[in-house]
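> Can you look at this prediction? I've put the sequence above it.
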Amino acid sequence: MSELHVALLGFGTVGQGVYEALDTHRERIKDITGKEVRIRAILIKDPSKEREIDPSIKVTTDFDEILEEEDIDVLFEAIVGEEPGYTYLTKAIERGIHVVTANKAMFASKGEDLLTRAREREVAVGFEATTAGGLPVIGAIRQLLNVNEITHIQGILNGTSNFILSQMRKEGLSFERALSIAQEKGYAEADPTSDVGGQDAFYKLMILSRAAFHGQPDWEAVPKKGITDLTSDWLQAAESFSLRFKHVGSIQRDRESISGVVEPVLVKESHPFYGVEDVENVVSVKGSLVGRVTLSGPGAGKLPTGSAMVEDFLSLIEGRYASSETRARIGVESLSGRDGEWVVRTPDEALPEWVDRFDLLDRITLSGHLYLFIRGNEEEWNAVQQADVRLQPYPVLKELPLESRLKREASVR
Ligand SMILES: NC(=O)C1=CN([C@@H]2O[C@H](COP(=O)(O)OP(=O)(O)OC[C@H]3O[C@@H](n4cnc5c(N)ncnc54)[C@H](OP(=O)(O)O)[C@@H]3O)[C@@H](O)[C@H]2O)C=CC1
Ligand SMILES: N[C@@H](CC=O)C(=O)O
């Protein structure tokens, strides 16, 4: 039986996930491709680490030795940072090798360039694992784009942040303890400030933007905020209003431009993100025909990410990415309306005067702070915020709207 030869760059959480997935699903892959998969070489950084790797596989710290291996069909890349990953993948593509990457920090900025190079060399680039771990969101977008125009994407895109917020709320863990468990479980990045500071979710949002809208907004114009300001007081206050904090990336396209934001927001019980807990991610995509499609599942970790990479591998072996060029889209509507809801923390117990201008939906006091759940006009609210810098507000996330016809059909009378 003929063989498919592959190499792995990186043997950390994700590299080991690919190794294990290829091993445990060997027979299935053979059934699908008619070929035996053989791992020929693995690139690592630190040769002193102990590893459980089949002794027939070459383990090296020198990328050129990987390229020197003959007949590598596919390269799996799971190392860290923009470089040297980008250089390695360009060299592999130049040699006519297909690549599958999980490296979102690299792919967010270099993805378009790699895809162009790959087209010129008639090879494929799989990048499902860069975004939302095990969720097949890139594949879903590709499928939807066959006929739909995509106008909005909203998602919980960082498993570490979602895990920390869930554990702080449900188990009363401190931020530091919850982060350290996320690191032990292999969810966090090598530098976890990227997770908790919003940068990791931002990279994923930019990759989604390119996949769905065939373009990205100016990176500097996308506000990015992580979860580090959220205390257990805030989480408790939200819970008492039947709201939960979620770290969400949103991106939308209108006729002129693409705009996005990455920030913690509050979601209501009725929102599809409310019950997305621990390491789960969720992505809602709004298409012009289908309405709202929501995918949720494990957003990080060894096997979910390994699964995404091996799915990509099989797709490209079967030639499914041969014409994966996305088409330019025109979106039409905006999600932001004039009205909104917010939870606000103010330093004083007495109700501030400005509350009269809004609907006061509920209030509680916690640890000497007054928490107000209000609803009102967005412009008025912006003016209040500018006048009082001591306010700490969080918006309540609106759901991506369903088409009104779909909504009518979905409602039960
Ligand atoms: N963890 C997760 O759940 C997910 C991670 N990703 C992405 O996948 C990639 C890998 O993540 P993860 O496995 O968690 O990271 P780890 O830190 O666990 O592993 C990184 C691996 O890459 C190797 N490596 C790092 N730098 C170099 C280099 N310059 N040259 C050669 N090898 C290098 C390391 O070698 P050594 O073992 O010698 O230290 C290690 O084996 C990252 O880009 C990450 O953003 C994507 C989706 C999910
Ligand atoms: N560190 C990332 C890993 C997956 O992309 C996360 O926590 O989501």
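Looks like it came in fine. This structure is a prediction, so every number in the text was calculated from the model and none was measured. Ligands and ions are numbered 1, 2, ... in the order given.

> Skip the chain neighbours and tell me the closest residue to the residue of the stretch 1-150 of the chain found nearest ligand 2.
Nearest residue of the stretch 1-150 of the chain to ligand 2: G133, at 5.1 Å (C-beta to the nearest ligand atom). Quick note: C-beta positions are derived from backbone N, CA and C, even for glycine. Once flanking residues are discounted, G133 sits nearest to G299: 4.1 Å by C-beta to C-beta, 6 or more residues apart in numbering.

> name the element the residue of the stretch 1-150 of the chain closest to ligand 2 belongs to?
Using DSSP states H and E, G133 sits in no helix or strand.

> can I assume A300 is in contact with Y187?
Yes - between A300 and Y187 there is a contact under C-beta atoms under 8 Å: 4.1 Å.

> Please identify every residue contacting each of those two.
Common contact partners of A300 and Y187 (C-beta atoms under 8 Å, 6 or more residues apart in numbering): G159, T160, V279.

> Show the contacting residues for whichever residue of the stretch 1-150 of the chain sits closest to ligand 1.
Closest approach between the stretch 1-150 of the chain and ligand 1, counting by C-beta to the nearest ligand atom: G12, at 1.7 Å. Going by C-beta under 8 Å, 6+ apart, G12 touches A78, V80, G186, A190.

> go on, T365?
For T365, the contact set (C-beta under 8 Å, 6+ apart) comprises E349, Y371.

> Same question for V74.
L4, H5, V6, A7, I97, H98, V99, V100, F313, L316, I317.

> Residues of the stretch 251-400 of the chain that sit close to ligand 2?
Contact residues (C-beta under 6 Å from any ligand atom) of the stretch 251-400 of the chain with ligand 2: G299, A300.

> Pick out the residue of the stretch 251-400 of the chain closest to ligand 1.
Nearest residue of the stretch 251-400 of the chain to ligand 1 (C-beta to the nearest ligand atom) works out as A300 at 3.4 Å.

> which SS state does A383 fall under?
Here A383 is recorded as helix under DSSP: H, G, I helix; E, B strand; the rest coil.

> Now do it against ligand 2, distance only.
Going from A383 to ligand 2 by C-beta to the nearest ligand atom, to the nearest Å gives 37 Å.

> Spell out which residues belonging to the stretch 51-200 of the chain are near ligand 1, please.
78-80, 84, 102-105, 129, 133, 186-187, 189-190.

> which parts of the top helix by length along the chain are buried?
Ranked by residue count and defined by DSSP state H, the top helix of the chain is helix 104-121. By 16 or more other C-beta atoms under 10 Å, the buried positions in helix 104-121 come out as 104-111, 114-115, 117-119.

> Drop anything exposed from the residues of the stretch 51-200 of the chain next to ligand 1.
Buried among these by 16+ other C-beta under 10 Å: 78-80, 84, 102-105, 129, 133, 186-187, 189.

> Wait, F273 touches I156, no?
Yes - the pair F273 / I156 is scored as a contact, 5.9 Å apart, by C-beta under 8 Å.

> Would you mind grabbing the residues shared as contacts by these two?
Common neighbours of F273 and I156, using C-beta under 8 Å, 6+ apart, are K246, V248, V282.
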